[in-house]
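**Student:** no FASTA, just this:
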């Protein structure tokens, strides 16, 4: 209760000590010197400030929420793996999704994997984010035969070639159209 002036002065002192420690990043010994209290007294006042709710310390793990979402996706859709990423300030999903997908691809495949790819912008952007590897035994194969009439960088044969190049492996285009 802050009904007396002494109680209010105590709260003001605790706040002053807490601000010096948590906001000004002063050491307890520095606070003791600046205020005339002993270092153990400063330590006790910091503890009292916490106990009174004047100071709240929280530790947040941003990965916990993302990992929980991944687990829910895996269970919901019976997936082997999933990756959820949060774009940093100033980025969009268009920036982070291809990087996340490329990272997951490399993590979930082995250097001797057979990888089939499709076509389209999302796949092409992901392939461009795959870090260079030295996976000479890997093989990339077209999943469907298709050519982009407007952008050859997003058609299946080119995506297949780009991924094989980034992995350091081989590729096999399927020169057949999708029917």
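**Tutor:** Nice, thanks for sending it over. Computed from a prediction, not measured in an experiment: that's the story for all the values here.

**Student:** excluding sequence neighbours, find me the nearest residue to the most centrally placed residue in the chain.
**Tutor:** For the chain, the residue nearest the mean C-alpha position is residue 85 (5.2 Å; Cα atoms, centre = their mean). Closest residue in space to residue 85, ignoring its immediate chain neighbours: residue 100 at 4.2 Å, by Cβ to Cβ, 6 or more residues apart in numbering. (Each C-beta comes from the backbone N, C-alpha and C, glycine too.)

**Student:** gap between whatever helix or strand the one you found lives in and the chain center?
**Tutor:** Counting by DSSP states H and E, the element that carries residue 100 is helix 93-108. Chain-centre distance of helix 93-108: 11 Å, with Cα atoms, centre = their mean, to the nearest Å.

**Student:** list the buried residues of it.
**Tutor:** 97, 98, 99, 100, 101, 102, 103, 105, 106 (16 or more other Cβ atoms under 10 Å).

**Student:** including pLDDT, could those go into TSV?
**Tutor:** What follows is the buried residues of helix 93-108, written out as TSV (pLDDT from 0 to 100):
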residue	pLDDT
97	91
98	92
99	91
100	92
101	93
102	94
103	94
105	94
106	94
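
**Student:** just checking, next helix/strand downstream of the helix or strand that contains residue 7?
**Tutor:** Assigned by DSSP H and E, residue 7 falls within helix 5-18. Sequence-wise, the next helix or strand downstream of helix 5-18 (DSSP H and E) is helix 28-35.

**Student:** any idea of the angle that next one forms with helix 5-18?
**Tutor:** 130 degrees (axes from the mean of the first three to the mean of the last three Cα atoms, to 10 degrees).
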